[in-house]
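>>> Below are the sequence and a predicted model for it; my questions follow.
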Amino acid sequence: MLTGMELDDLISQVHDSALSDEPLDRLAAAMGVKADLDDLTDTLIGHFVDESRSAGCSWTDIGAAMGVTKQAAQQRHTSERRGRGRDRDRDRPFRFGRFTARARTSVREAEEASRELRHVYLGTEHLLLGLLAVSQGVAAKSLTSMGVTREAIMAKLTPGDAEPERGGRHRWRGHFTPLAKKTLEGALQEAIKLNHNYIGTEHILLALFDVPDGLAAKILAELGVTAEATRADVIQRLASYRG
């Protein structure tokens with residue numbers, strides 16, 4: 001039972017946040033709304049689990065109220081508490097609730113690029129490769145129009161290359177470098193600058209230029225791609241979609 005927010009409200013929110021009126025853009029916006037709701041409900045359940053524990057309720061009783069076993073309730077709550085702690089903050093820069101489906105896909109593609117290159121962490125160069133991999137995204141279209149190709153980027157990287165923050169070379173664990181985290185955090189700021197309530201591939205791309213020490217920014221500079229030209233191209237593309 002929902003109170004205060006009904007399906008029509010959610011549909012209106014999706015329409016307002018979608019990049020365009022195209023069905024796939026609306027679907028991508030809907031996925032972002034869903035992620036926000038998932039984060040909110042997880043926090044809601046965690047609040048009342050904590051309240052129940054403080055009241056002296058056993059894990060058996062909590063599990064029964066949740067419709068799961070004692071072990072499942074305890075494991076879920078313990079893992080969520082760890083996830084909200086320092087370890088999760090180290091591994092993931094922040095929640096991806098406002099990221100569009102394409103932006104999320106670009107991060108997953110960045111992880112694949114890191115694995116392919118046998119790098120330990122995920123850095124800005126992997127984010128750049130991930131953006132190019134999502135061919136229908138604004139970032140990929142902008143980069144392609146300026147002559148940036150996956151081959152050109154890969155030619156500047158070798159297996160085992162690493163940004164300074166990465167440290168030793170061990171098995172890939174999905175940790176973001178500080179520069180990659182800074183880029184993803186900067187994507188939110190880029191979205192705010194453009195008065196957008198979502199984070200798309202274009203915002204990640206623009207944020208790469210705000211991290212000049214990152215390999216991505218250096219590679220783009222070597223390829224003759226400037227922040228000014230990229231921003232102008234992105235804004236023009238967004239305006240044409242809106243139009």
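On my side now, so go ahead.
>>> max-length helix in this protein?
The longest helix of the chain (DSSP state H) is helix 23-54.
>>> counting contacts, what elements does that helix pack onto?
Contacts defined by 3 or more CB pairs under 8 Å, 6 or more residues apart in numbering; DSSP states H and E place helix 23-54 against helix 7-17, helix 59-66, helix 70-83, helix 101-116. Any C-beta I mention is one placed from the backbone N, CA and C, and that applies to glycine too.
>>> Determine which stretch of those helices is the most buried.
helix 101-116 (a mean of 20; mean count of other CB atoms under 10 Å).
>>> next structured bit after it?
Once helix 101-116 ends, the next helix or strand along the chain (criterion: DSSP states H and E) is helix 124-133.
>>> Which is the succeeding secondary structure element to that following helix?
The C-terminal neighbour of helix 124-133 among helices and strands, as given by DSSP H and E, is helix 138-145.
>>> What residues of that next one count as buried?
For helix 138-145, a neighbour-count test (16 or more other CB atoms under 10 Å) marks 138, 139, 140, 141, 142, 143 as buried.
>>> Any buried residues in stretch 233-241, and which?
233, 234, 237, 238.
>>> now swap in stretch 115-126 and tell me
Buried residues in stretch 115-126, defined by neighbour count with 16+ other CB under 10 Å: 117, 119, 120, 121, 122, 123, 124, 125, 126.
>>> Which of those scores worst on pLDDT?
pLDDT across those is lowest for residue 120, at 81.
>>> circling back: is it possible to get a markdown table of the helices and strands packed on helix 23-54 that adds mean pLDDT and distance to residue 222?
Shown next, in a markdown table, are the helices and strands packed on helix 23-54 (pLDDT from 0 to 100; distance: least, CB to CB, whole Å):
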| stretch | mean pLDDT | distance to residue 222 |
| --- | --- | --- |
| helix 7-17 | 75 | 35 |
| helix 59-66 | 90 | 54 |
| helix 70-83 | 70 | 38 |
| helix 101-116 | 91 | 18 |
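>>> Now render these as a markdown table, adding distance to residue 45.
Formatted as a markdown table, these follow (distance: least, CB to CB, whole Å):
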| stretch | distance to residue 45 |
| --- | --- |
| helix 7-17 | 20 |
| helix 59-66 | 8 |
| helix 70-83 | 8 |
| helix 101-116 | 23 |
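>>> Residue 26 is nearest to which of the ones you listed?
helix 7-17 (5.8 Å; CB to CB).
>>> now the angle from that closest one to helix 23-54?
Between the axes of helix 7-17 and helix 23-54, defined by axes from the mean of the first three to the mean of the last three CA atoms, to 10 degrees, the angle is 120 degrees.
>>> closest to residue 176 among the buried residues of helix 138-145?
Of the buried residues of helix 138-145, the one sitting nearest to residue 176 (CB to CB) turns out to be residue 139, at 18.1 Å.
>>> That concludes my questions; thank you for your assistance.
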